[in-house]
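Undergrad: Here's my sequence, what's the structure:
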Amino acid sequence: MRKRSLVTDVVLPVVIIIAGFAVLSPLSDLVASRRPQLPESYNDTDLFVKGRDIKGFLLGTDSLVADWYWMRSLQYIGNKLVNSTEDVRLDDLRYLNPRLLYPMLDSATDLDPHFIAPYTYGAMVLPAIDADQAITLTKKGIANNPKEWRLYQHLGYIYWRAKEYPQAAETYDIGSKIDGAAPFMKMMAASMRTEGGSRTTARAIYQEMYDNAPDEAVKKTAESRLQELKWFDERDAIDEKLADAKARTGECPQRLGEITSALLTVTLPDGDFSVNAHGDLVDPTGTPYLLDRTECRVAIDRKTSKLPLETK
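TA: Modelled structure (predicted):
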């Protein structure tokens, strides 16, 4: 009798819940595929179920469902990027209209407040969508996990992105006092007060994120940021040598290969210039640079480069 009660009262409901969530994803995809074409602002349907509404009713499977929301948030942004016809702009993802990202991450952390990955991903991506949402989610993480010093690192990063350097410094400083905090936190607190907007500070932030990323999504974002910074440094050095060559000869070089030897004398913060098997100068993703002779400046091959196409 007890065995029958266990099966009917506990095991069966859990199986039904798990099966329901397993079916929900392909069912949602099927519904989406049969929807009529709508304007971009209507492309996302609201979440049918939010984490806070079902918390406590999942018979111990809260963490499992939280993981489902988390995985869906990764797929959501990935699909947005794949389907977008615009250039990738890491500093501003609002053109993707990703209005469901925050509700998904919020639901995941409602169901499992100690699930750090959604907080981390939100801190990396949400600042390019809505800084207030990024701050709200990260502060929620800190309230639920006050001993997790990395959440202070994430909050400091958000303030840094917003150029709120005093608040970033204070946040890094608070986090640095938590047991086990990396020396990096104290260093960043000082850097925010002296050179908050420098590329040196940015490089240190993203390198630390890359080295200690908790998952591939965060690691890939940090890697893209590091490639972007390397491009900025290389661009400045190449443009300077092009200007020198033009000043000497009165015209812009015909090709970038003419200044390669001059570039060998340049010391970059993050390694030397790279060339491919043909001797062409290549960007940090391995795509040959182009020469804009009209402006006499180096350019990215926007058709083939995987570099985030920022212009600053």
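
Undergrad: alpha carbons only for contacts and neighbour counts from here, please
TA: Noted.

Undergrad: what's the average pLDDT for the one helix or strand Tyr157 maps to?
TA: Tyr157 is part of helix 149-161, with elements assigned from DSSP states H and E. Helix 149-161 shows a mean pLDDT of 96.

Undergrad: next SSE after that helix?
TA: helix 165-176.

Undergrad: so how far is Ala162 from the nearest residue to Ala299 once chain neighbours are set aside?
TA: Spatial nearest neighbour of Ala299, chain neighbours left out: Leu290 (4.9 Å); criterion: Cα to Cα, 6 or more residues apart in numbering. Going from Leu290 to Ala162 by Cα to Cα, to the nearest Å gives 32 Å.

Undergrad: Kindly report the same for Thr120.
TA: Shown here: Thr120 relative to Ala162, a distance of 17 Å by Cα to Cα.

Undergrad: Looking at these two, which is more packed in?
TA: It is Thr120, of Thr120 and Ala162, that has more neighbours when counted by other Cα atoms under 10 Å, with 24 against 14.

Undergrad: is it true that Gly196 touches Tyr165?
TA: Yes. Gly196 is within contact range of Tyr165, at 6.0 Å (criterion: Cα atoms under 8 Å).

Undergrad: And the helix or strand hosting Lys219, what does it pack against?
TA: Assigned by DSSP H and E, Lys219 belongs to helix 216-249. Counting contacts by 3 or more Cα pairs under 8 Å, 6 or more residues apart in numbering; DSSP states H and E, helix 216-249 is packed against helix 116-125, helix 199-211, helix 260-263, strand 297-299.

Undergrad: Compute the mean per-residue pLDDT across the last one, please.
TA: When you say that, I think you mean strand 297-299. Across strand 297-299, pLDDT averages out at 95.

Undergrad: try stretch 166-184
TA: For stretch 166-184, mean pLDDT is 95.

Undergrad: how long is that stretch end to end?
TA: This stretch, stretch 166-184, spans 17 Å end to end (Cα to Cα).

Undergrad: which parts of it are buried?
TA: 167-176, 181 (16 or more other Cα atoms under 10 Å).

Undergrad: Repeat that for stretch 155-164.
TA: Buried, per 16+ other Cα under 10 Å, within stretch 155-164: 155-161, 164.

Undergrad: repeat for stretch 269-278
TA: Counting neighbours by 16+ other Cα under 10 Å, one finds that the buried residues in stretch 269-278 are 273, 275.

Undergrad: what are the ranges of the helices in the stretch 51-200 of the chain?
TA: All helices of the stretch 51-200 of the chain, identified by DSSP state H, counting those that start in this stretch, fall at 51-54, 62-83, 101-111, 116-125, 131-144, 149-161, 165-176, 183-195, 199-211.

Undergrad: Export those helices to a markdown table and append columns for distance to Asp239.
TA: Below are the helices of the stretch 51-200 of the chain laid out as a markdown table (distance: least, Cα to Cα, whole Å):
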| stretch | distance to Asp239 |
| --- | --- |
| helix 51-54 | 52 |
| helix 62-83 | 31 |
| helix 101-111 | 39 |
| helix 116-125 | 31 |
| helix 131-144 | 34 |
| helix 149-161 | 27 |
| helix 165-176 | 30 |
| helix 183-195 | 25 |
| helix 199-211 | 18 |
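
Undergrad: Out of those helices, flag the one nearest Asp272.
TA: Closest of the helices of the stretch 51-200 of the chain to Asp272 is helix 199-211, at 15.7 Å (criterion: Cα to Cα).

Undergrad: May I see the buried residues of the closest one?
TA: Within helix 199-211, the residues scored as buried using 16+ other Cα under 10 Å are 201-207, 209-210.

Undergrad: ok, so of the residues you listed, who is nearest Asp280?
TA: Of those, the one sitting nearest to Asp280 (Cα to Cα) turns out to be Arg203, at 25.8 Å.

Undergrad: who's in contact with that closest one?
TA: By Cα atoms under 8 Å, 6 or more residues apart in numbering, Arg203 lies in contact with 226, 229.
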